[in-house]
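Colleague: mind folding the following:
(3 chains)
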Amino acid sequence: MLGQKTSNIFIYGKTGTGKTLSVQHVADELLKRSKDSKILRVEYINCKLKKVADTEYRIFAELIKKVGGDVPATGLPTDQVYKRFIEIIEKNEEKLLIVVLDEIDQAVKKINDDFLYNLMRLNSELSKTQISIIGISNDVKFLEMIDPRVKSSLSEEEMIFNPYNATQLQDILKKRAEESFKPGVVSEGVIAKCAAYAAREHGDARRALDLLRVAGEIAERSSNPRIEIKHIDEANDKVERDKILDIVEKATRQFQLVLYAIISLSNNNNEGIFTGDVYNFYSEVCKKVNFEILTQRRVGDIIAEFDMLGLINARVISKGRQGRTREIRLDIPDNVLKKSKDILLESLGI
DNA sequence: GTCAATTCACATGAAAGAGACCACGGTCTAGTG
DNA sequence: CTAGACCGTGGTCTCTTTCATGTGAATTGACGA
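Modeller: Sure, this is the predicted structure:
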């Protein structure tokens, strides 16, 4: 294996299907087998994390940090960072560096695919070290949107991870339950229910485990010795609720203003509301609380982001002569709505 | 009645600016011998 | 003379604006039956 040219690998699979875990496991095994740590090095980077690796600069900066260099968070020209990376790699003298890029599709979407090309091209500039890339993506169409040159070399080897089905999820959950709960705490039915919830979310094992954990916490708090099905339901609610409230709370002022407008409008109107309505209401509120009014262009983007986050459901429709617009429907469950609104009111000082 | 052109109200893209943050190198200043 | 403070320049990043172009169907108006 060593000494030969290594392939790049491209892995595809939905979230929670064990891609990351498998890669990490394989990496560990490889490291174990190469007794001399000077030969091989594996670095893992999650491209989705904001503030860590969502630009070319930051990806290289992160890589440098991982291989033992130091680089400022900003201020250097990108090619400088690039050069520094090469220097450090050469100095380290490992034979092979495996770079795992998790959620690589996110990075390419945000930046462009040039950085991938640069990364591949690095091999020709390095004399002692070889770099091999493992790209992990949960978007199949990802390969279609990148540069053909990059595509062919990235997908030298491809692997696909299929979502877990309910039975497999049950197995995973059972194993985990044995490890972390005393026998008898978790019943068969509870696990089935848990698995069913997660299977609905395209077989996300992480979510299933989360659910079980939270349900355990809930049961414990109500000093119930056993986890029951209702706890799973509660846990599902809670996980969902926390996710939403977290988004609402952490959003910037302008996002909160737009969301407030949407919530207010959908209060007295069950039918869909439109971008124009939202913008008007939003402007009014801005005037009232003395905030700068953003352009409609920007507000449109903000609405689109809420759609991505799942707080609203926005569909582009054409109303014929009345133009094209988004039809927006709030997608926050009732039991969270009030709390969300309270947070907004307080944060905006209305 | 039918059909193509028109029109609306935005969506969507691209480019560029403002302001925050930061590194680097040069210059100035104060303390030291 | 030298270490540290202080500046100016040039870079990135995020959020935003400006300008430009795209778009799907209701509406309109011309046309032919």
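
Colleague: neighbours around A:Ala198, how many?
Modeller: When neighbours are defined as other Cβ atoms under 10 Å, A:Ala198 has 28 of them. Any C-beta I mention is one placed from the backbone N, CA and C, and that applies to glycine too.

Colleague: just checking, it touches A:Leu211?
Modeller: Yes. At 6.5 Å, A:Ala198 counts as touching A:Leu211 under the criterion of Cβ atoms under 8 Å.

Colleague: and for these two, which residues touch both?
Modeller: Residues touching both A:Ala198 and A:Leu211 by Cβ atoms under 8 Å, 6 or more residues apart in numbering: none at all.

Colleague: residues in contact with A:Lys287?
Modeller: Here A:Lys287 is in contact with A:Ile293 (Cβ under 8 Å, 6+ apart).

Colleague: residue of the stretch 251-350 of chain A nearest DNA strand C, please.
Modeller: Relative to DNA strand C, the nearest point of the stretch 251-350 of chain A is A:Gly320 (1.4 Å; Cβ to the nearest atom of the strand).

Colleague: what's the pLDDT at that residue?
Modeller: pLDDT, A:Gly320: 89.

Colleague: likewise A:Asn270?
Modeller: For A:Asn270, pLDDT reads 68.

Colleague: and if you look at A:Asn112?
Modeller: Here the pLDDT value assigned to A:Asn112 is 68.

Colleague: next one: A:Gln4
Modeller: pLDDT, A:Gln4: 62.

Colleague: over to A:Cys286?
Modeller: We have a pLDDT of 95 for A:Cys286.

Colleague: any part of the helix or strand where it lies near DNA strand C?
Modeller: Per DSSP states H and E, A:Cys286 falls inside helix A:275-289. No. Helix A:275-289 lies apart from DNA strand C when judged by Cβ under 7 Å from any atom of the strand; the minimum separation is 10.3 Å.

Colleague: and after that helix, which helix or strand comes next?
Modeller: The helix or strand immediately downstream of helix A:275-289 is helix A:296-309, counting by DSSP H and E.

Colleague: touching that following helix from outside, list them.
Modeller: A:247, A:254-255, A:258-259, A:262, A:275, A:278-279, A:282, A:294, A:312-314, A:326, A:328.

Colleague: and these, which of them are buried?
Modeller: Among the contacts of helix A:296-309, the ones that count as buried by 16 or more other Cβ atoms under 10 Å are A:247, A:254-255, A:258-259, A:262, A:275, A:278-279, A:282, A:294, A:312, A:314, A:326, A:328.

Colleague: tell me what angle the longest helix anywhere in chain A forms with helix A:296-309.
Modeller: Scanning chain A for the longest helix, with DSSP state H as the assignment, gives helix A:229-250. The directions of helix A:229-250 and helix A:296-309 differ by 160 degrees, with axes from the mean of the first three to the mean of the last three Cα atoms, to 10 degrees as the criterion.
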